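> below are the sequence and a predicted model for it; my questions follow.
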Amino acid sequence: MERYSDEADVVIVGGGPAGLSAACRLKQMANDQGKELRVCLVEKAAEIGGHTLSGACIEPLSLKELFPDYEERGAPLHTPVSQDRFAFLTKKRRIPIPIFPGLPMYNHGNYVVRLGNFIRWLGQQAEELGVELYPGYAASEVLYHEDGSVKGIATNDVGIYKDGSPKETFERGMELHAKVTMFAEGCHGHLAKQLYKKFDLRSKCEPQTYGIGLKEIWEVRQDKHEPGRVEHTVGWPLNKDIYGGSFMYHLGEGAPLIAVGFVIGLDYDNPYINPFREFQKFKHHPSIVDTFRGGKRIGYGARALNEGGLQSLPKLTFPGGCLMGCSPGFMNVAKVKGTHNAMKSGMIAAESVFETIFDENLKSPTTGLNPESYENKLRESRVWKELKAVRNVRPSFHTSLGVYAGLAYTAVFYCVLRGIEPWTLSHNGADHSKLKPAKECTPIEYPKPDGEVSFDLLTSVALTGTNHDHDQPAHLTLMNDNVPLNRNLALFDGPEQRFCPAGVYEYVETEDGKGKRFQINAQNCIHCKTCDIKDPSQNINWVCPQGGEGPAYNGM
């Protein structure tokens, strides 16, 4: 059975900040200039914003550029930042760190938002401009012309049993062909991984380095709620050698809601680290715990995020397409913000794609068009200037002084000199290569959850609304079935069962009680991509399940 195919001028993969901003900008230019331009966007979540998870405290500059009348359009920016707090935590104390203009944690002028709601609104703007949105369609394959340039994408077949045979509901995926295909899959996109290899896009940059961000939404007591209050901490419960910290954002949307989260750099070396349990432990700090007592947790989720910055940016264009947003990684790690840069990269990419498509003098050597001006435009933009200024903040934490050196470096070289130092520090390798053998590390005893402020993992996953058909081909694939037991368990004591924030991976006793077997609970997967990133053997390969599956976040 052949796949149905359709032709567009531009196909965009991913309905997040970058993809939707690119789509809107393309149609704005086409409408303003009276040109016909068909723009199609596919998104693997069942609805736009359904897989979006972020803090989020956003800078509105890119939004103002895209829609100067965003307030009249009803953009859901309801909570301007009113207070900034930053602190270093010890086990029992909270040491305030002053915040003033120029520091990366200075947030006045920004907004606390539920990013999923903002993305849903951005999708509505795109549709009004004439963008064709296809939520629930997972791009599973990159298509190529005979000359090797990108032709478009194919969505995955649906209605297939686990053994590969078709169900009665079987339907073939469809092909979407385009002059230019724009990839905005978010952090560690599975199609972007293929493009990196196909076009050697990472040959002149360092490996990406990542963090895992875990987040909850709480309805707290009214006396603990201060709309617009923004808090960040570093230090406890992490030791000085682990990069990470917390955020608490007080939303002003009627109910007394707080978004609380914890980010841990995935370059940690102790295989016994459990990011989820570090997060639960954090909430019991004496200066934090009372905020949540008597409250109710109503949301949970997790997502990997790019922290490599300028050193880790790949080549952005290739014959037939380009990469945007958190797929290549434009997050300002010092600010803990990426939405504004993701949006701006999408807008810049859109302008380059538009120029390329309508350039009457263009003589393309390939059928798929290469929007080459995008990379130069980005280097001339505020995005590049911002990333250059903070390029050394993240790797400055890699000294023997850890977090203390990182804070000192940020104070001097970012806050005072704005990154004009003539050197660029290295991330020193990929995250998956950083784990030490278990025998060199001490197991970590985490406190049991109390069921009021801290919780167990499966209770948390239930709040994500995650759903996968259990009888379909695996979307968490192993390159070698023997590696988990023979290497990961034997050498690292099975770190998969700790770094996954959804209880997907387990080492369970065999029926005869003489050993263990590796079990994958794929139905729990919340699409965070941590396993694909941190697996020390690089044996796990995350691919898209059927479209519309995964978490069903509501304004995360």
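Good, I have the coordinates.
> do you know the pLDDT at Gly547?
Each residue has a pLDDT score; the one for Gly547 is 80.
> so for it, what's the nearest residue that isn't a sequence neighbour?
On the basis of CB to CB, 6 or more residues apart in numbering, the spatially nearest residue to Gly547 that is not a chain neighbour turns out to be Ala138, at 3.9 Å. (C-beta placed from N, C-alpha, C; glycine too.)
> now Pro437
Residue nearest to Pro437 in three dimensions, not counting chain neighbours: Leu491, with 5.3 Å by CB to CB, 6+ apart.
> any idea of the mean pLDDT in the helix or strand harbouring that neighbour?
Element membership for Leu491 (DSSP states H and E) is helix 490-492. Here the mean pLDDT over helix 490-492 is 98, rounded to a whole number.
> what's the span of stretch 361-368 from first residue to last?
End-to-end distance for stretch 361-368, by CA to CA, to the nearest Å: 16 Å.
> same thing with stretch 43-59?
24 Å.
> ditto for stretch 392-403
Span of stretch 392-403 from end to end, CA to CA: 13 Å.
> neighbouring contacts of it?
104, 209, 234-235, 238-243, 265, 307-309, 311, 333-334, 405-406, 408-410, 413-414, 419, 421, 423-428 (CB atoms under 8 Å, 6 or more residues apart in numbering).
> buried residues, that stretch. List them.
Of the residues in stretch 392-403, those scored as buried under the neighbour-count criterion (16 or more other CB atoms under 10 Å) are Asn392, Val393, Arg394, Pro395, Ser396, Phe397, His398, Gly402, Val403.
> kindly report the same for stretch 57-71.
Result for stretch 57-71 [16+ other CB under 10 Å]: buried residues Cys57, Ile58, Glu59, Pro60, Ser62, Leu63, Leu66, Phe67, Tyr70.
> mind checking which of those residues are in helices?
If you go by DSSP state H, the buried residues of stretch 57-71 have Ser62, Leu63, Leu66 in helices.
> what's near enough to touch the first one?
By that I understand Ser62. When contacts are counted by CB under 8 Å, 6+ apart, Ser62 touches Ser21, Thr339, His340, Asn341, Met343, Lys344, Met347.
> state the helix or strand in which the fourth one lies.
Using DSSP H and E, Asn341 maps to helix 339-357.
> the first one too?
According to DSSP H and E, Ser21 maps onto helix 17-33.
> helices or strands up against whichever helix or strand comes after that helix?
Heading C-terminal from helix 17-33, the first helix or strand you meet, by DSSP H and E, is strand 39-43. In this structure, strand 39-43 makes packing contacts with strand 10-13, helix 17-33, strand 132-135, judged by 3 or more CB pairs under 8 Å, 6 or more residues apart in numbering; DSSP states H and E.
> what number of residues lie near the residue nearest to Gly14 when sequence neighbours are not counted?
Excluding its sequence neighbours, the residue lying closest to Gly14 (CB to CB, 6+ apart) is Ala184, at 3.8 Å. Each residue near Ala184 was counted by other CB atoms under 10 Å, and the total is 31.
> wait, Ala184 touches Ile12, no?
Yes. Counting by CB atoms under 8 Å, Ala184 does reach Ile12; the two are 6.3 Å apart.
> for Pro96, which non-adjacent residue is closest in space?
Spatial nearest neighbour of Pro96, excluding adjacent residues (CB to CB, 6+ apart): Ala87 at 5.2 Å.
> residues making contact with the helix or strand hosting the one you found?
Per DSSP H and E, Ala87 falls inside strand 83-89. Contacts made with strand 83-89 from outside it, assessed by CB under 8 Å, 6+ apart, are listed as 94-99, 103, 105-108, 226, 228-237, 285, 287, 407.
> just the buried members of the residues you listed?
Neighbour counting with 16+ other CB under 10 Å marks 94, 99, 103, 105-107, 228-237, 285, 407 as buried within the contacts of strand 83-89.
> the residues you listed in strands, which ones?
Taking DSSP state E, the ones among those that sit in strands are Arg94, Arg229, Val230, Glu231, His232, Thr233, Val234, Gly235.
> turn those into JSON lines, columns for distance to Pro275.
Putting these into JSON lines (distance: CB to CB, whole Å) gives the following:
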{"residue": "Arg94", "distance to Pro275": "22"}
{"residue": "Arg229", "distance to Pro275": "25"}
{"residue": "Val230", "distance to Pro275": "22"}
{"residue": "Glu231", "distance to Pro275": "20"}
{"residue": "His232", "distance to Pro275": "17"}
{"residue": "Thr233", "distance to Pro275": "16"}
{"residue": "Val234", "distance to Pro275": "15"}
{"residue": "Gly235", "distance to Pro275": "16"}
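> check those residues and tell me the two furthest apart.
Arg229 and Gly235 (19.7 Å; CB to CB).
> tell me how many other residues crowd the residue nearest to Gly547.
By other CB under 10 Å, 24 other residues sit near Ala138.
> for it, give me its contacts.
Taking CB under 8 Å, 6+ apart as the definition of contact, the neighbours of Ala138 are Val42, Lys44, Thr155, Asn156, Cys544, Pro545, Gln546, Gly547, Gly548.
> distance of it from Ala154?
Here Ala138 is placed at a distance of 10 Å from Ala154 (CB to CB, to the nearest Å).
> do Leu491 as well
Look at Leu491 and Ala154: by CB to CB, they are 38 Å apart.
> equivalent analysis for Ala502, please.
Distance from Ala502 to Ala154, counting by CB to CB: 28 Å.
> more crowded one of those two?
Of the pair Ala502 and Ala154, Ala502 is the one with more neighbours under other CB under 10 Å, namely 25 against 19.
> in what helix or strand does the more buried one lie?
Counting by DSSP H and E, there is no helix or strand that carries Ala502.
> quick check: pLDDT value at it.
97.
> quick one: contacts for it?
Taking CB under 8 Å, 6+ apart as the test, what Ala502 contacts is Ala302, Leu457, Val461, Thr464, Thr466, Asn524, Cys525, Ile526, Cys528.
> please repeat the previous calculation with a cut-off of 7 Å.
Shown in contact with Ala502 (CB atoms under 7 Å, 6 or more residues apart in numbering): Val461, Asn524, Cys525, Ile526.
> could these go into CSV alongside pLDDT?
Conversion of the contacts of Ala502 to CSV gives the following (pLDDT from 0 to 100):
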residue, pLDDT
Val461, 96
Asn524, 94
Cys525, 95
Ile526, 96
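> farthest pair within these?
Greatest spatial distance among those (CB to CB): Val461 and Cys525, at 9.5 Å.
> quick one: the strands in the stretch 451-556 of the chain, in order.
Shown for the stretch 451-556 of the chain, the strands assigned by DSSP state E, counting those that start in this stretch span residues 476-478, 505-509, 516-520, 540-542.
> roughly how far is the helix or strand following the first one from the heart of the chain?
Towards the C-terminus, the helix or strand next in line after strand 476-478, according to DSSP H and E, is helix 483. Chain-centre distance of helix 483: 27 Å, with CA atoms, centre = their mean, to the nearest Å.
> likewise stretch 139-155?
Remark: stretch 139-155 is offset 24 Å from the chain centroid, using CA atoms, centre = their mean.
> same thing with stretch 368-383?
Going by CA atoms, centre = their mean, the spacing between the C-alpha centre of stretch 368-383 and its chain's C-alpha centre is 22 Å.
> same question, stretch 243-256
For stretch 243-256, the separation from the chain centroid amounts to 18 Å (computed by CA atoms, centre = their mean).
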